[in-house]
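Q: Sequence plus the predicted model coming up.
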Amino acid sequence: MGLYMYSNEVKKCIKTGEQLASFSNSDLEVKLGIHNTLHRKKVLLALMTRTQKCEDPAGNLDHQWVTRWLDDVGLPQYKDAFLEARVDGRVLNFLTIDDLFSLKVTNQLHHLSLRRGIQVLRENNFEPSCLKRRGVPGERDSQIVHSDVIYWTNHRVMEWLRHVDLSEYAPNLRGSGVHGALLVLEKRFSAEL
């Protein structure tokens, strides 16, 4: 889980997995000293998945994968905050607006970008390789399958701009949060946004 910083408190206070599974959000904070709300959320979601014995493909994506995914959706500036909060696929799936504010994501477009990126992951059962990072060598405009645009990463959108002779706009997309799912799914994404 990547929450090694709480190992000593867990060793002191927890004797069985059943005991840990009975902990509430406030127990995690008071008894184990887990003050970071996203760390507590991560533990509670993992415990819920384990006790309910439900299938959880999002749980297969660790916090390192999520930081790489932030590059894919064009928001690398938040990597440090997400890494510090140890946001993994499971937490990503249940992020709230308040969680985003605690991660210092305050830009409305960035909220929408994350929302649409998470939507694509959900629709693809959190398959880690569902996004298209690069175009196919020799690909021409006539060969682009429009249904695939939803899977384009930020880098792939910039690559396409260069391909259609709009390369002067590509650098502006770095750190913008513009990716295929935002372009296709977000109704508010327009020239006015």
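A: Okay, I see it.
Q: Pull the contacting residues for residue 79.
A: For residue 79, the contacting residues are 67, 70-71, by CB atoms under 8 Å, 6 or more residues apart in numbering. C-betas here are computed from N, CA, C, even on glycine.
Q: Can you show me the helices along the protein?
A: 7-13, 17-21, 25-32, 37-52, 63-72, 79-84, 89-93, 97-102, 108-123, 154-163, 180-185 (DSSP state H).
Q: ok so, going back, buried among the contacts of residue 79? Make that a PyMOL selection.
A: Buried subset of the contacts of residue 79, written as a PyMOL selection, criterion 16 or more other CB atoms under 10 Å:
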select buried, resi 67+70
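Q: Of the contacts of residue 79, which is the nearest to residue 45?
A: residue 67 (18.3 Å; CB to CB).
Q: Can you give me the distance of the closest one to residue 85?
A: 11 Å (CB to CB, to the nearest Å).
Q: what's the answer for residue 110, then?
A: On the measure of CB to CB, residue 110 and residue 85 end up 16 Å apart.
Q: So between those two, which is more surrounded?
A: Shown here are residue 110 and residue 85; by other CB atoms under 10 Å, residue 85 has more neighbours (22 against 19).
Q: tally of neighbours for the closest residue to that one other than its chain neighbours?
A: The shortest distance from residue 85 to any non-neighbouring residue, by CB to CB, 6 or more residues apart in numbering, is to residue 38 (4.0 Å). A count of nearby residues for residue 38, using other CB under 10 Å, gives 19.
Q: ok now do residue 38, which residues does it touch?
A: Going by CB under 8 Å, 6+ apart, residue 38 touches 85-87, 91, 99, 102-103.
Q: pLDDT score assigned to the closest residue to residue 14 other than its chain neighbours?
A: Sequence neighbours aside, residue 20 is the residue nearest to residue 14 in space, at 4.9 Å (criterion: CB to CB, 6+ apart). With respect to pLDDT, residue 20 has a value of 88.
Q: any idea how far residue 77 is from residue 175?
A: To residue 175, residue 77 is 5 Å away according to CB to CB.
Q: I meant to write residue 2 there.
A: Distance, residue 2 to residue 175, by CB to CB: 25 Å.
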